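Q: heads up, no residue letters with this:
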């Protein structure tokens, strides 16, 4: 897997940027529940009053509250409050200034916590002493001549009480207050501040509206930022994924270009196509998921847990239980679906293989009336894939309803438990709403990871399949210090005690092959089917490496030179003419792009292709379809020969390349070839005696061994196998 993801190194800055953006996005998303809580708690329940500290207070009220303050608290009050001057603007803002003085909180607040603590306690004590007549009766019982204080207010009584009695009284009251939750004290103090504002004629409705509008606008801005970050992350992650897929396709394709026939035997063509397309697409989807979800989910989960712990720790067990249930379910899904995802990719390979075989051999299928048989074969491969996909999809389809059920149960549990906490005064409604949102975000994080688990098993299989291609060790490699060809032995091909067996085979295909093909001569190989003719010529360009012995080209062992240099010396025409989509010109100039029109006409004439090319409307610019399906077999062979002639190599290899040509065209082609190959080495594999009977050297193969070497006349006289082949094709007079 690391071999695949090393391709992400070039995108590491983009990935780091994505991570930073996701952190910011998570911060924005996690901030919204907090603002929701404040909007409910402060905006709705507290009428926009944020702190239990009055911004404006009447002098009379402040003096009353100072009765409950010690010397330190009195000093703090005086530092933080200033009397409002009776200016025209201030009277307009606070009409009550005409009747009584007001104090305003300074902008630069000092000892804010001590200030909050004082007002929280003092406002509650004020309400306690002001409204509870039993407290007054209890105090009067302990005062001599209490009859004279019956008409006095509680505050007059507190003002004249001896310090010891006052401290004792306040201590008793503080004990009762200390048993009350701080959140309840805060709400109570804010309610009393609201009453004070109403006494001052401050419009608390406007305060509430302004706070809600301000908070709502801020929440909208945060949501817009989060949306923008989401779009940006999606764009960058998609680009990173696309670059990764491009690099992987390049790597796989370049690796496959270096494959010898040994590696191609390990991977089928259909499988290599699937790995280069479908599997890499799966990796691309996984990359996007990793960057957008797998990175984001843990950030959200960790941030959500931190926020939850700051909101209410008493209900965290609900989230822990919910996450545990979700994780157990995901693990069970993995256990059941992982083996099936491996099967899916194999069945995709099978469908591709069967489709490719049927479509490639459609004419044969029709000729033998095997349409129903091939339809059944395709249907079986298709149904196997369908059944496996259905199992996986049905199993994964269970995920969403179960996850939603778990999430809804968690929400109901939070409301149930949260309601009891609200009833006890341990939390506010807004806090419970925020807790629900945080819980939702934490669970959604795990749900997102669970959703990734749907694609993850298949993507892991695809990763392994692509990695298998990339890490495949190529058998045929260039030497570290390649040698140069011997210019004095240009075109010379030497086989010395060459034996070869295919990988994993038990016996040799060819054994102890010895011969030389010298420039200016034609060497022909003939023999029965399976005698090893094509194997011999495939060893020269190093499509395979010999098992024993050595092959020399231009005086140097082919294993000691660069394979590209070796193949540039060889004009190879395979048994089956292969053309590429494009036009005739692009196919002829495939090995040498700088050919001019005169040179193209020349190779077309030599290969006997001019006759049919000139009849086409666009000539050499005529379109060639995929695999050359729009030209005949003989035309494909002639264009393949033209392509080999065009590069003007030292060595020509024709692997049964004249089989689709009629005798007349064959004779013309060989005659014209003779003119351009006077100083070249020509090696021909043929089935027809007429094609090779004028060769200077004919090698007869049987069961992978050389039976005899000689000219046509020599072999007719002394080689029974050659004689039998000749008699089966020609009359005695022709022989």
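A: Perfect, thanks for sending it. The shown structure was predicted, so the numbers you read here are calculated from the model rather than taken from an experiment. Residues are numbered from 1 along each chain as shown.

Q: Flag the shaky bits of the protein, pLDDT-wise.
A: In the prediction, the chain carries residues with pLDDT under 70 at positions 1-5, 129-170, 172-173, 176, 261, 311-313, 345, 425-426, 453-454, 731-735.

Q: for it, longest helix please?
A: Among all segments of the chain classified by DSSP state H, the helix with the greatest residue count is helix 204-257.

Q: Nearest residue to the middle of the protein?
A: In the chain, the C-alpha nearest the mean C-alpha coordinate belongs to residue 287, at 1.4 Å (CA atoms, centre = their mean).

Q: give me the element that one is part of.
A: Assignment of secondary structure by DSSP states H and E places residue 287 within helix 280-289.

Q: Show me how far that helix is from its chain's centre.
A: Helix 280-289 has its C-alpha centroid displaced from the chain centroid by 3 Å (CA atoms, centre = their mean, to the nearest Å).

Q: Run the angle between the helix or strand just after it and helix 204-257 for me.
A: Toward the C-terminal end, the helix or strand that comes next after helix 280-289 (DSSP H and E) is helix 296-311. Regarding helix 296-311 and helix 204-257, their directions subtend 150 degrees when assessed with axes from the mean of the first three to the mean of the last three CA atoms, to 10 degrees.

Q: Enumerate the positions of helix 296-311 that are buried.
A: Residues of helix 296-311 classed as buried: 296-297, 299-301, 303-305, 307-308, 311 (neighbour count, 16 or more other CB atoms under 10 Å). Every C-beta, even on glycine, is put in place using the N, C-alpha and C of the backbone.

Q: one step back: wouldn't the residue nearest to the centre of the chain be in contact with residue 239 here?
A: No: applying CB atoms under 8 Å, one finds residue 287 not in contact with residue 239, separated by 10.6 Å.

Q: quick one: the strands in the stretch 501-650 of the chain?
A: Secondary structure of the stretch 501-650 of the chain (DSSP state E, counting those that start in this stretch): strands at 510-517, 522-527, 548-553, 556-557, 570-573, 582-583, 623-624.

Q: what's the closest of those strands to residue 729?
A: Comparison of the strands of the stretch 501-650 of the chain against residue 729 by CB to CB identifies strand 522-527 as nearest, at 10.5 Å.

Q: what sits up against the closest one?
A: For strand 522-527, contacts defined as CB atoms under 8 Å, 6 or more residues apart in numbering pick out 493, 515, 517, 533, 536-537, 677, 681-687, 689, 691-692, 694-702, 707, 721-722, 725.

Q: picking that back up, counting contacts, what elements does the helix holding residue 287 pack onto?
A: Applying 3 or more CB pairs under 8 Å, 6 or more residues apart in numbering; DSSP states H and E, one finds that helix 280-289 makes contact with helix 204-257, helix 429-470.

Q: Run through who's touching that helix.
A: Counting contacts by CB under 8 Å, 6+ apart, the residues outside helix 280-289 that touch it are 4, 8, 237-238, 240-242, 244-245, 248-249, 252, 452, 455-456, 458-459, 462-463, 466.

Q: Give me the neighbour count for residue 535.
A: The burial count assigned to residue 535 is 23, neighbours taken as other CB atoms under 10 Å.

Q: cool, the one 3 residues further on as well?
A: Counted by other CB under 10 Å, the residues lying close to residue 538 total 21.

Q: Does it touch residue 546 like I think?
A: No: here residue 538 lies out of contact with residue 546, judged by CB under 8 Å, at a distance of 10.9 Å.

Q: quick one on the thing from earlier: buried residues of the helix holding residue 287, list them for me.
A: With burial defined by 16+ other CB under 10 Å, the residues of helix 280-289 counted as buried are 280, 282-289.

Q: Turn those residues into JSON lines, including distance to residue 350.
A: Supplementary listing: the buried residues of helix 280-289 in JSON lines, determined by distance: CB to CB, whole Å:
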{"residue": "280", "distance to residue 350": "19"}
{"residue": "282", "distance to residue 350": "17"}
{"residue": "283", "distance to residue 350": "21"}
{"residue": "284", "distance to residue 350": "23"}
{"residue": "285", "distance to residue 350": "22"}
{"residue": "286", "distance to residue 350": "23"}
{"residue": "287", "distance to residue 350": "27"}
{"residue": "288", "distance to residue 350": "28"}
{"residue": "289", "distance to residue 350": "27"}
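
Q: before we move on, back to that, quick one: the residue nearest to the centre of the chain from residue 513, how far?
A: Applying CB to CB, to the nearest Å, one obtains 51 Å for the distance of residue 287 from residue 513.

Q: what do you get for residue 353?
A: Using CB to CB, we find residue 353 at a distance of 34 Å from residue 513.

Q: Settle it for me: which of these two has more neighbours?
A: A direct count of neighbours by other CB under 10 Å for residue 353 and residue 513 places residue 513 higher, at 25 against 17.
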